[in-house]
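Asks: coordinates for the following, if possible.
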Amino acid sequence: MSSFSLLRPALTCAFLAGFAGVAPAQEAPASGGAWIGRLFDAAKLRSAPAPTPDFVHDSRSEHLEYRAFDAPADRKAGRKTAAELRADGAGLDAALAENRRKAARVATPDAPKK
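Replies: Numbering: from 1, shown residues only. Below is the predicted model:
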């Protein structure tokens, strides 16, 4: 393997970097989308957003506060006791029995005869 074959990719990259030039960080677009946006603005292909309708403006509060959707600070406050869990289980069992009772009244059209 010749030394030129190892040097070729480095020379190619150096040439392309010099040919393209280095833009200052403040003027460089953040992404390809930013560059396309500037192109559309320059060609007057993008229109400004429509003004907010009155009913939307009136329905919004002047002081919107951000509330994160995270777990409550005190997790132990949300825990149930064993008695509460048994009561909830009894309620679910009662609902199950009621639903099975209601389902027994419905005749299935093509049910096999026993």
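Asks: who are the neighbours of the biggest helix by length in the chain, in terms of helices and strands?
Replies: Ordering each helix of the chain by length in residues (DSSP state H) puts helix 82-105 first. Counting contacts by 3 or more Cβ pairs under 8 Å, 6 or more residues apart in numbering; DSSP states H and E, helix 82-105 packs against no other helix or strand. Placement of C-beta: from N, CA and C, glycine included.
Asks: contact partners of that helix?
Replies: By Cβ atoms under 8 Å, 6 or more residues apart in numbering, the residues outside helix 82-105 that reach it are K80.
Asks: what pLDDT, on average, does that helix get?
Replies: Mean pLDDT, helix 82-105: 94.
Asks: what does stretch 34-49 give?
Replies: On average, stretch 34-49 scores 84.
Asks: how about the helices in this protein?
Replies: All helices of the chain, identified by DSSP H, fall at 3-20, 32-42, 54-59, 82-105.
Asks: CA atoms of the third one as CSV?
Replies: Once side chains and other backbone atoms are set aside, the C-alpha atoms of helix 54-59 remain, and they are given as CSV (Å, rounded to 0.1, in the frame of the first residue of the first chain):
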residue,chain,number,x,y,z
ASP,A,54,-60.0,37.3,18.9
PHE,A,55,-61.8,34.3,20.4
VAL,A,56,-58.4,32.6,20.8
HIS,A,57,-56.8,35.6,22.4
ASP,A,58,-59.8,36.1,24.7
SER,A,59,-59.7,32.5,25.9
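Asks: got the buried residues for that helix?
Replies: Using 16 or more other Cβ atoms under 10 Å as the test for burial, helix 54-59 gives no buried residues.
Asks: burial count for P49?
Replies: P49 is flanked by 6 other residues according to other Cβ atoms under 10 Å.
Asks: against A77, how distant is it?
Replies: Counting by Cβ to Cβ, to the nearest Å, the separation of P49 from A77 is 44 Å.
Asks: do the same with G33
Replies: To A77, G33 is 46 Å away according to Cβ to Cβ.
Asks: again, but for A90
Replies: From A90 across to A77, the span is 24 Å (Cβ to Cβ).
Asks: and the two? which has more neighbours close in?
Replies: Each of A90 and A77 has its neighbours counted (other Cβ under 10 Å); A90 has more, 10 against 7.
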